[in-house]
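Chemist: Quick one, what's the 3D model for this:
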Amino acid sequence: MTDLVKKISEFEKLSAPLEPTQSERNQYVQQVRDFANDFINNIDEMDSFFGTDVNADKLKVNLQPISLEKALSIYDEQVVRTGIAAASGGHVGYIPGGGIYLSAIADFLADVTNEYAGMYYGGPGAVTIENEMLNWLKDVFGFPKSAVGNLTSGGSIANLIALTAARDKHGIKNEKITSSVLYLSEHVHHCIQKALRIIGLEDVLVREVELDENSKIITSKLIELIAADKAAGLNPFLVIASAGTTDTGAIDPLEEIGHIAREHQLWYHIDAAYGGFFIMTDRAKNQFKGIDMADSLVCDPHKGLFLPYGLGAVLVKDKEALFKSHHYTANYMQDAFQEGMPLNPADVSPELTKHFRGLRMWLPLQIHGIEPFKACLEEKLYLTDYFRAELIKRGFEVGPEPDLSVSYFWYPSGGDENDFNKRLMEEIHKDGRIFLSSTKVHGREVIRMAILSFRTKKHTIDTCLEMIDRCLAKLI
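Modeler: Numbers count the residues shown, from 1 in each chain. This next block holds a predicted model:
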């Protein structure tokens, strides 16, 4: 017994560094605080895109301890200053995540206290906060109180949860899969196709509905497709609309599609991952009419609420359809199931172990209120107008008037315009001050803007325009 106690004592001493002293904690926090302040204070001067490769050797696990100062230096060199600077206001290429400061503080608190947000029994406060965030989202999008939902890691898992509920509601399994039909736009986010494969619906019939000149679903074409499929003895069961597509930011005619879905008893899913929170703006809210008709809805607070990557949300009206996919009990969890308990996030999601991600949404909303978020969204709409107007002055062609803050443009160089705009995109990436991306629309190579970062301001767009002028001059 003496040897056993001695061994325990030895290992206790060896493991002691895992619980730093208060003095050590203060030192760590000070170093991280200095790093964060330096990063934020200088972010406007930092490039938004770095074409450098990562030195993987510097990021390998080092079995010998290094100082936090050394670790932060490696992090800055090999992580912060490589690829896209996602926290920068100059990230106007892909739809950015945010990174507001209070969310970082919330994550720190959630990690220190290590709250469990999967089951109410284990973390009643954490689960209640997450459920209250979902109740707020129901109010934002006009969903009934009886709807259920989940705070996920992002739009991909949120869409997967919604499509699984649609599958189970309509019993799409076995031989029924190959005769079942869903309808969507060619501009639907590619996570939809991934989700279909994951949930066993790779072999359903997928109809891409014809789009109008603004990249929106033509509802008369949707009606024709459904009628033809029913006449052929097939089983239409799902229609997917977008409230802000990734490529062009288009909002499909949500209300018209909702009526069609009801008439034909289709599950109606709306992907509002990018655009959904623009419903809070005075300028854009009318474009979301009919969003409350959806059976399921996805939105991403890490986009439209400017939170750090890692927070999506799904709302589903049919609780039983969602429970059919995810609710399960086990003997070892018997203490966690009691009558009258609030909804457990683990019952409506693939996750049982669940990070308390809701705090990164709750704390900023509590401290800032909603008005700064609404104003920031309005600002992005007007910055998009400003950017497009300045591009037109410079001789660029622009895409249709955008519904939200995603648009595209190209330079009519004459000759091989696609090749010219590809080379212009390359020059912009080489410059790196502001990050833009490219896409193809109707076979045309175009440069894409996605203005959503809370740090993107007028001076950011002016810097972008100056960069474009310089890159264009090099090619002309």
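Chemist: Was I right to think residue 89 contacts residue 453?
Modeler: Yes - contact criterion C-beta atoms under 8 Å: residue 89 and residue 453 qualify, at 5.0 Å. For the C-beta atoms, the positions are set from N, CA and C on the backbone; glycine is no exception.
Chemist: neighbour count winner among those two?
Modeler: residue 453 (25 against 21; other C-beta atoms under 10 Å).
Chemist: does the more buried one really touch residue 93, like I thought?
Modeler: No - the criterion here is C-beta under 8 Å, and residue 453 misses it with residue 93 at 10.6 Å.
Chemist: in this structure, what spans have low per-residue confidence?
Modeler: The chain contains residues with pLDDT under 70 at 328-341.
Chemist: which stretches of it form strands?
Modeler: 49-50, 83-84, 148-152, 180-184, 205-208, 235-242, 267-272, 296-299, 312-316, 397-398, 406-410, 437-441, 444-450 (DSSP state E).
Chemist: Format the ones you listed as a markdown table; extra columns: mean neighbour count.
Modeler: Shown next, in a markdown table, are the strands of the chain (neighbours: other C-beta atoms under 10 Å):
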| stretch | mean neighbour count |
| --- | --- |
| strand 49-50 | 18 |
| strand 83-84 | 16 |
| strand 148-152 | 27 |
| strand 180-184 | 23 |
| strand 205-208 | 16 |
| strand 235-242 | 26 |
| strand 267-272 | 28 |
| strand 296-299 | 31 |
| strand 312-316 | 27 |
| strand 397-398 | 16 |
| strand 406-410 | 24 |
| strand 437-441 | 16 |
| strand 444-450 | 22 |
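Chemist: longest single helix anywhere in the chain?
Modeler: helix 371-393 (DSSP state H).
Chemist: Going by neighbour count, which residues of it are buried?
Modeler: 373, 376, 377, 378, 379, 380, 381, 383, 384, 387, 388, 391 (16 or more other C-beta atoms under 10 Å).
Chemist: What is that helix packed up against?
Modeler: If you count contacts as 3 or more C-beta pairs under 8 Å, 6 or more residues apart in numbering; DSSP states H and E, helix 371-393 packs onto strand 397-398, strand 406-410, helix 458-475.
Chemist: which one of these lies closest to residue 368?
Modeler: Comparison of these against residue 368 by C-beta to C-beta identifies helix 458-475 as nearest, at 21.3 Å.
Chemist: Restricting to C-alpha, output the closest one in CSV.
Modeler: Output in CSV follows, covering the C-alpha atoms of helix 458-475 (Å, rounded to 0.1, in the frame of the first residue of the first chain):
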residue,chain,number,x,y,z
LYS,A,458,-15.8,52.3,-46.5
HIS,A,459,-12.0,52.7,-46.1
THR,A,460,-11.7,48.9,-46.8
ILE,A,461,-13.6,49.2,-50.0
ASP,A,462,-11.6,52.3,-51.0
THR,A,463,-8.4,50.3,-50.5
CYS,A,464,-9.9,47.5,-52.5
LEU,A,465,-10.7,49.8,-55.4
GLU,A,466,-7.1,51.2,-55.3
MET,A,467,-5.8,47.7,-55.5
ILE,A,468,-8.0,46.8,-58.4
ASP,A,469,-6.9,50.0,-60.2
ARG,A,470,-3.3,49.0,-59.8
CYS,A,471,-3.8,45.4,-60.9
LEU,A,472,-5.9,46.4,-63.9
ALA,A,473,-3.2,48.9,-65.0
LYS,A,474,-0.6,46.1,-64.9
LEU,A,475,-2.6,44.0,-67.4
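Chemist: Next, the angle helix 371-393 makes with that helix.
Modeler: Inter-element angle recorded for helix 458-475 and helix 371-393: 30 degrees (by axes from the mean of the first three to the mean of the last three C-alpha atoms, to 10 degrees).
Chemist: Now do helix 458-475: everything it contacts.
Modeler: 44, 89-90, 92, 383, 386-387, 390-391, 394, 411, 413, 420, 423-424, 427-428, 431, 433-434, 436, 451 (C-beta atoms under 8 Å, 6 or more residues apart in numbering).
Chemist: same thing with stretch 144-156?
Modeler: For stretch 144-156, contacts defined as C-beta under 8 Å, 6+ apart pick out 130, 133-135, 137-138, 158, 161, 189, 191, 194-195, 271, 273, 298-300, 302, 309-317, 319, 322, 343, 345, 348-349, 357-358, 361.
Chemist: for it, how far is the first residue from the last?
Modeler: Distance between the two ends of stretch 144-156: 24 Å, counting by C-alpha to C-alpha, to the nearest Å.
Chemist: tell me the phi and psi of residue 284?
Modeler: Backbone torsions for residue 284, taken as degrees, to the nearest 10, come to phi -110, psi -10.
Chemist: Point to the residue nearest the middle of this protein.
Modeler: residue 300 (4.4 Å; C-alpha atoms, centre = their mean).
Chemist: ok now the longest helix of the chain, how far from the chain's centre?
Modeler: Relative to its parent chain, helix 371-393 has a centroid offset of 20 Å by C-alpha atoms, centre = their mean, to the nearest Å.
Chemist: Now do it and strand 444-450, the angle between them.
Modeler: With the same axes, to 10 degrees applied, the angle from helix 371-393 to strand 444-450 works out at 150 degrees.
Chemist: send the alpha carbons of helix 371-393 over as PDB?
Modeler: C-alpha atoms of helix 371-393 as PDB (Å, rounded to 0.1, in the frame of the first residue of the first chain):
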ATOM      1  CA  GLU A 371     -29.200  47.500 -32.600                       C
ATOM      2  CA  PRO A 372     -25.400  47.400 -33.400                       C
ATOM      3  CA  PHE A 373     -25.900  44.100 -35.200                       C
ATOM      4  CA  LYS A 374     -28.800  45.500 -37.300                       C
ATOM      5  CA  ALA A 375     -26.800  48.600 -38.100                       C
ATOM      6  CA  CYS A 376     -23.800  46.600 -39.200                       C
ATOM      7  CA  LEU A 377     -26.000  44.500 -41.600                       C
ATOM      8  CA  GLU A 378     -27.500  47.700 -43.000                       C
ATOM      9  CA  GLU A 379     -24.000  49.100 -43.500                       C
ATOM     10  CA  LYS A 380     -23.000  46.000 -45.600                       C
ATOM     11  CA  LEU A 381     -25.900  46.600 -48.000                       C
ATOM     12  CA  TYR A 382     -24.900  50.200 -48.600                       C
ATOM     13  CA  LEU A 383     -21.200  49.300 -48.900                       C
ATOM     14  CA  THR A 384     -22.200  46.800 -51.700                       C
ATOM     15  CA  ASP A 385     -24.000  49.600 -53.500                       C
ATOM     16  CA  TYR A 386     -20.900  51.900 -53.200                       C
ATOM     17  CA  PHE A 387     -18.500  49.200 -54.400                       C
ATOM     18  CA  ARG A 388     -20.600  48.400 -57.500                       C
ATOM     19  CA  ALA A 389     -21.100  52.100 -58.300                       C
ATOM     20  CA  GLU A 390     -17.300  52.700 -58.100                       C
ATOM     21  CA  LEU A 391     -16.600  49.700 -60.300                       C
ATOM     22  CA  ILE A 392     -19.000  50.900 -63.000                       C
ATOM     23  CA  LYS A 393     -17.200  54.300 -63.000                       C
END
